[in-house]
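Student: predicted structure and sequence below. I'll ask about it afterward.
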Amino acid sequence: MLLSPINVISSSFAVLLLILALTPFLRLNQRLLINVGFFLAAIASFFAAVAGFWSLVNGMTTQVILPIGLPDLPFHLRIDLLSGYFLVVVGLLAFFVSIYSIGYVKGFLGQRSVTHLVVFYVLFLAGMVLVVLADDALFFLIAWEMMAASSYFLVLYEDERVENRRAAFLYLVVAHVGAIAILLSFGVLAGLTTGFSGFQNYTFDAMRAAHLPPELATLAFLLAFFGFSAKAGVIPLHIWLPEAHPVAPSNVSALMSGVMLKTAIYGIVRVVFDLIRVFPWWWGALVLVFGLVSAVMGVLYALMQHDLKRLLAYHSVENIGIILIGIGLSMIFTSFNMSLLAALALIAGLYHTLNHAMFKGLLFMGAGSVLNATHERNMEEMGGLIRFMPWTAVLFLIGCISISALPPFNGFVSEWLTYQAFLLSPALPSPLLNLMIPLGAALLALTSALAAACFVKAFGVTFLGNHRGHHGGHIHEAGWSMRLGMLLAALACLGLGIFPTYMIGWMDPLAEKLVGGKIAASASGLGWMWLTPIAAERASYSAPLAFIGILTVVVVTYLLLHARPGAIRRAPLWNCGFEKVTSRMQYTATSFAMPLRRIFGFLFSIKEHVRQPPSASHPAFPDRIHYHLRVRDRFWTWMYQPVIDASFWLSRRIGRMQQGRIQIYLIYSFVTILVLLIFS
Amino acid sequence: MIKEILKNIFSKKRVIPFPEGFNVSPTQVAKIVDFQKKVDTIFGRSLRIRQIDAGSCNACEWECTALTNPIYDIQRFGIDFVASPRHADMLLVTGPVSRQMEFALKRTTIATPEPRLVVACGDCAKDGGIYKGSYAVANGVGNVIPVDAVIPGCPPTPTAIILALSEIIDKVAR
Amino acid sequence: MNIDPLIVEILQIAVLLIVAPVFTGWIKMVKCWFQGRTSPSLFQPWRDIVKLFSKDVTLAENASWIFRFTPYLVFGISVMAGGIIPILSMDLPLSAMADVIALVALFSIARFFTALAGMDIGTAFGGMGASREMTIASLAEPAMLMAVFAVSLVGKSTSVSQMAIVISQGHSLLRPSLVFALLAFILITLAETGRVPVDNPATHLELTMIHEAMILEYSGRHLALIEWASMMKLFLFAVLGIASFVPWGIPRNGELLSVAVALLVLLFKLAGIGVVLVLIETGLAKMRIFRITEFLGSAFLFATIGMMSYFMLE
């Protein structure tokens, strides 16, 4: 049998089905279930990544019609360049997270059953892979729903707490609102022109061939954008992200944040660049504006948090915003037929997709190790963990550096490419856009600087300093599988940062297919070490040289200066000579963010309250002072609360129909039958 | 502002020239020049002082502050005051070391990296001064930490401080 | 006679290492003249650094490897950045390694690690310094990037050498976009290098410190490296400003005579920049922390006006 990407993907599914089949037998030996289940899941995701990479690099497109599906509406499956790329994103991170899960899920042994965690994890993986592979609207939506439902059960894993249940419910509601919008969008694309005759237009191929009038295309785009934004967590539809991601188990949070949000990006790119290929410039401007707003607001929300996983969840909002910035710019350039620049912007956006999967996965895995060790999500109770968990600290630091877009790691490369795309926008013919787009570049700079500040806070408060909590021991380093998963993700971050020319070379056929421009030739014009997207004089960046250069200088300086042994003396810390230096004297997460809270506080509703209860001894010597800070999302009060109130009002009104008397219900049935008989 | 700056640049400097303006005998001048040379050798003409107030009445602090004004201008010798003992080469302690400041003084000494000097400035730091015998003081810096030099005076004038720094030379030269 | 570009590169890094403390010494000298005092010698900062190398290192008991690694990293990044900006020649082998966005990011990573080192010991001052420094950085970075973008629009490139080449060939000396960008750049330099009115580098009061507060725990050779790196940062910002706005005098190729002339012109320009800096420092008082928002906001505004005037007038 000829080996092809389809076969590799099928074997991946076969492995996943194997896990499901084995689960009822292994249910009683939970440890073995975890080992076998996640090991096989790692193999399956590795196969998926390989299949995706294969079809991406070779430029192959394979289409298969599956024998399953509704009568006359079989499922279509397709691996093409775009699916291949997103398969790499899904598969690679799932591979790392599955290895990590082997150790992490063992932390739940003895407390609760992990059987349904394993089962829904497998279903979640399968759902995500199928979404990327689906080639018709029906299959897409079924896979989408499978992904959403299984992730709902995963979020609800620790369901004894009421806030976890609330968070999962909120997630489910927003996911389904989005799914309805996507369904309507596909409906517009599929049938509105032909009037749903024959139902054959539900395949993506038919949608590509159809010529939509501009108003319908706009309607389809707006619905699709709304629906996919609800899943991606774009502001203002982000409200479920900071609730759902923290309460899920950390390996699931890593997958949700790293991969599931990307399937929404896949959806947007597929609908806009593949199904509707011709569009006006204001679509791109809309995406760009939403991207910028999400980026800035996301990072500002993140700065106000002191819960480690909630902070990381808000950063996902920010990074999705950055991805949308790249995609929005690409849409603007495409609508003006500037294919080279569109390719640059699209590659910047898609590169950031992969990068974000890598470093966000790494960060969530690190947060999971910390959670496993300290049983604490609140940063204010942590501190000094670098002494107890040195490996986790280093790997988490790599994640922090990557997400702050600092060289030589991967976050910098995609942000650099995005800046280059911004700087080339003066070539646009529209003067309004020429003036407004550079402001977008400034907002992107603000975002990355604020992200760096936020991660100094997150790493510094969690790992550095002295321990603030009441533990006094029992904080152990993570197990080997957790460390291995994180190490692989960190190496991926480093690799993506140092070898961008190879990545761009692999992504080039994709850009050419979607927007018609190729940049790899100019990008690696000076060789594999230099990244020169448009021309060497225009801009160039050599990540390997920067990395090696800094390393060389550091090593040489160290060797020159580290002459005398024993010249370093350890002394107690100097804190202006205070006698009783306690761990409460350090900066906390809340105090670190105070200047930024003062400056940007007008965007939130902040209530700060200081209260001093009367002291026992003398009013001049206070015993204790209460400080209360509440930072609330304005979107909740402006957008969501009115919608919730309105829906409850409406349902109360309609609820009047439920009289509770059987005679009224019989009258309803009778009237309905009469109406149907008259109008049939 | 520009007028003031131009006036400052082009007027005659009022700093007390060294060593003529210090109104001292030739032997003392020799001592000071010696001090300069020795500070040059040990510290490479860069001395950083961390001034510690161990419960003084602040008169000595005023005189130490006067060291940095344009008249005495200690910075032209390469000497400067710093904020943290980890950055400092010399600790200049004033005050009779009250009980509250004993621990802080010991901590500060430990925090200063070697090679370091400790100088007790003023009569209070020497042996308790006007607070000698009080229940609340340790009667001089020498009772708390080892001292390399002492500057007598209540308070010592800036000239005396600079002059008396020459005592360090003997200690350091050995 | 043409010198090998690699030799010019090494020469440039040597100039960076040697002249940076002298530049700080010059600023101190001019400030003392303006205040009517006699100044310490021009090479006083050199003496401070050399003395610090011979002192012991006293580390806090709970310092981790980040604390010990940071001085070397910050020093290495400053040296690296010196190899990128055209100081003595516009034809450097390393200048294609990083453009101006990467340069800003290099400074950013140095600041990231310094802030982490400040938080490492667990004192209140370190956290305070880190918090304030990151706040100012997050406000200064958009303004810095806008100023740099304004210059890159004129220079049609983001590579610093390329910008310098194009601007030195420019026919009109005064472009409004460059003037506004220069104003913004001056304000940002004051913020990023920690001079008055943003931060007083000579303060002893911990509650008024920003940069100094993060390095209160450093001693010995670590402190020497950090002080040298901060002097180099001031030098690098001055040289970046020279390369972007007044690049005449930097030769296109590595001829021996023109490199020597470039060195002299550089010293002359630095002297002028020192005087301007001291005028600003003498005339302004240090601002309240929360006034820095308006300060950097006005820098951002100048940079934006610079960019818009490029579109409207050129």
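Tutor: Yep, it's here.
Student: okay, now A:Pro236: neighbour count?
Tutor: Applying the criterion other Cβ atoms under 10 Å in any protein chain shown, we find 18 residues in the vicinity of A:Pro236. (C-beta placed from N, C-alpha, C; glycine too.)
Student: just checking, it touches A:Phe635?
Tutor: Yes. The pair A:Pro236 and A:Phe635 qualifies as a contact (Cβ atoms under 8 Å) at a distance of 4.9 Å.
Student: on the three-state scheme, C:Trp248 is what?
Tutor: State at C:Trp248, reduced to three classes by DSSP: H, G, I helix; E, B strand; the rest coil: coil.
Student: so it versus B:Gly142, what's the distance?
Tutor: When Cβ to Cβ, to the nearest Å is applied, the distance between C:Trp248 and B:Gly142 equals 63 Å.
Student: next one: A:Trp240
Tutor: When Cβ to Cβ is applied, the distance between A:Trp240 and B:Gly142 equals 69 Å.
Student: so for the two, which residue has more residues nearby?
Tutor: Remark: of A:Trp240 and B:Gly142, A:Trp240 carries more neighbours, 24 against 17, as counted by other Cβ under 10 Å.
Student: how near is that one to B:Leu47?
Tutor: Between A:Trp240 and B:Leu47 the computed distance is 62 Å (Cβ to Cβ).
Student: how about C:Val276?
Tutor: From C:Val276 to B:Leu47 the distance is 31 Å (Cβ to Cβ).
Student: which one's more surrounded, those two?
Tutor: Applying other Cβ under 10 Å to C:Val276 and B:Leu47 shows that B:Leu47 carries more neighbours, namely 23 against 12.
Student: residues in contact with the more buried one?
Tutor: Neighbouring residues of B:Leu47 by Cβ atoms under 8 Å, 6 or more residues apart in numbering or on different chains: B:Val39, B:Phe77, B:Gly78, B:Ile79, B:Asp80, B:Asp89, B:Met90.
Student: got CSV for these, with distance to C:Ile87 too?
Tutor: As requested, these are exported to CSV (distance: Cβ to Cβ, whole Å):
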residue, distance to C:Ile87
B:Val39, 35
B:Phe77, 33
B:Gly78, 29
B:Ile79, 33
B:Asp80, 30
B:Asp89, 34
B:Met90, 38
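Student: quick one: which of the residues you listed is nearest to chain C?
Tutor: B:Gly78 (5.8 Å; Cβ to the nearest Cβ).
Student: what is the burial count for the closest one?
Tutor: Residues lying near B:Gly78 (other Cβ under 10 Å) number 22.
Student: please name the residues that touch it.
Tutor: B:Gly78 touches B:Val39, B:Arg45, B:Ser46, B:Leu47, C:Pro40, C:Ser41, C:Gln44, C:Arg47, counting by Cβ under 8 Å, 6+ apart.
Student: do you know the pLDDT at it?
Tutor: According to the prediction, B:Gly78 has pLDDT 80.
Student: where does chain B get nearest to chain A, residue-wise?
Tutor: B:Ala104 (3.5 Å).
Student: same thing with the stretch 101-250 of chain C?
Tutor: With Cβ to the nearest Cβ as the measure, the residue in the stretch 101-250 of chain C that lies nearest chain A is C:Gly127; the distance is 2.5 Å.
Student: could you report the neighbour count for that residue?
Tutor: By other Cβ under 10 Å, neighbour count at C:Gly127 equals 28.
Student: kindly report the same for A:Phe13.
Tutor: If you count neighbours by other Cβ under 10 Å, A:Phe13 ends up with 17.
Student: how far away is it from A:Val118?
Tutor: A:Phe13 sits 17 Å away from A:Val118, taking Cβ to Cβ as the criterion.
Student: what about the longest strand in chain A?
Tutor: Looking only at chain A and at elements set by DSSP state E, the strand with the highest residue count is strand A:62-70.
Student: hey, C-alpha coordinates of it in PDB?
Tutor: As requested, the backbone C-alpha atoms of strand A:62-70 are provided in PDB (Å, rounded to 0.1, in the frame of the first residue of the first chain):
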ATOM      1  CA  THR A  62      -5.800  14.500  -1.100                       C
ATOM      2  CA  GLN A  63      -9.500  14.200  -0.900                       C
ATOM      3  CA  VAL A  64     -11.400  11.300   0.400                       C
ATOM      4  CA  ILE A  65     -15.100  10.600   0.700                       C
ATOM      5  CA  LEU A  66     -15.900   8.600   3.700                       C
ATOM      6  CA  PRO A  67     -18.500   5.900   3.700                       C
ATOM      7  CA  ILE A  68     -20.000   7.200   6.900                       C
ATOM      8  CA  GLY A  69     -22.400  10.100   7.100                       C
ATOM      9  CA  LEU A  70     -26.000  10.800   6.500                       C
END
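Student: average pLDDT for whichever helix or strand comes after it?
Tutor: Scanning forward in sequence from strand A:62-70 by DSSP states H and E, the next helix or strand is strand A:73-79. The average pLDDT for strand A:73-79 rounds to 82.
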